[in-house]
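>>> sequence first, predicted model second:
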Amino acid sequence: MDHARQTCLIVGAASKIGQAIAKHYIVQGANVVITDPLLTRAQRTATDLLPGATSRLLPTRLDIADEENLRTVFETVKGNYGKISVFVLVTEIGTACDRQNIPFDAWKSRLARHLGTARVAMQTCLPYMDISGQGRVLMVQPPRVQGTTAIELTNNLAKHGLARTVHLMAREGRKYGVDVEMIAPTQTSLAFTQPPAISVSKKQMRRFVSGSDMNVIPRGRRMLDEREAGRERFLRVFRFKSTNNPPLM
């Protein structure tokens, strides 16, 4: 796909996979916004990717946990390049999967904060996206949670939490004509290839029925075991009801 003259904003561009994605869009001819919580690191990344002064790269400081900072950066990008064509979010979910000695309940709260921050970033970006049909929001699935099994509980919960978050934001994206998808890229050195995106925008969510028997789901079918039931209860945290969210317009 030709991205010439399009604008791509990458959150977490200083990471290895972030740099690979940035290089992919640079080669395609896009204007690329390099963001990082540290401005000096964003500037160094931009210099490494495309040495010499260039108007095609815009290194800037971005803290996605700060909504005011998010809007400031999006306004700056709008002033420099116009609408954002591709918004790529390289999350820290992979890091959050490492429980170490953290109690499970505390770890769940930390994961919820990471997912909530990612959701706010995507939600805030939507009004600044290209609505001509080419706008895409891409959530990068960390390698750590790709292909996990039920035995790897924290990784599996993070994987499902990401999928739920992207699914919910895909609903919001449709209001703007913007695709919201999760991708699982592969990286070899600095060569980046993007396999077909895994779209969860049309995936039907399974309603969970609360009650004395938490293992019961609609139609009387039960969970396989308590582990699956516990996972379903935990994932309810990420099923945000539209009535709790202010309209984006």
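Yep, that arrived. Treat the numbers as computed from the prediction; the structure is a model and nothing was measured. Numbering: from 1, shown residues only.

>>> distance check, Val11 against Asp105.
Taking C-beta to C-beta, to the nearest Å as the measure, Val11 falls 28 Å from Asp105. C-beta here means a position set from N, CA and C on the backbone, and glycine is covered the same way.

>>> show me which of those two is the more surrounded one.
Between Val11 and Asp105, counted using other C-beta atoms under 10 Å, Val11 has the larger neighbour count: 27 against 7.

>>> for that one, what are its contacts?
When contacts are counted by C-beta atoms under 8 Å, 6 or more residues apart in numbering, Val11 touches Gly18, Thr35, Leu62, Ile64, Phe87, Val88, Leu89, Val90, Ala121.

>>> name the nearest of those relative to His3.
Nearest to His3, judged by C-beta to C-beta, of the contacts of Val11 is Val88 at 11.7 Å.

>>> where does that closest one sit: helix, strand or coil?
strand (DSSP: H, G, I helix; E, B strand; the rest coil).

>>> give me the buried stretch members for the helix ranked longest in the chain, please.
If you go by DSSP state H, the chain has its longest helix at helix 153-176. Under the neighbour-count criterion of 16 or more other C-beta atoms under 10 Å, helix 153-176 has 153-170, 172-173, 176 buried.

>>> tell me what angle it forms with strand 86-90.
160 degrees (axes from the mean of the first three to the mean of the last three C-alpha atoms, to 10 degrees).

>>> burial count for the closest residue to Tyr128 other than its chain neighbours?
Excluding the flanking residues, the one nearest Tyr128 by C-beta to C-beta, 6 or more residues apart in numbering is Phe74, at 4.4 Å. The number of residues packed near Phe74 is 21, by other C-beta under 10 Å.

>>> can you give me the distance of Phe74 to Glu68?
Where Glu68 is concerned, Phe74 sits at a distance of 11 Å (C-beta to C-beta).

>>> excluding chain neighbours, what is closest to Val73?
Closest to Val73 by C-beta to C-beta, 6+ apart is Leu62, at 5.1 Å.
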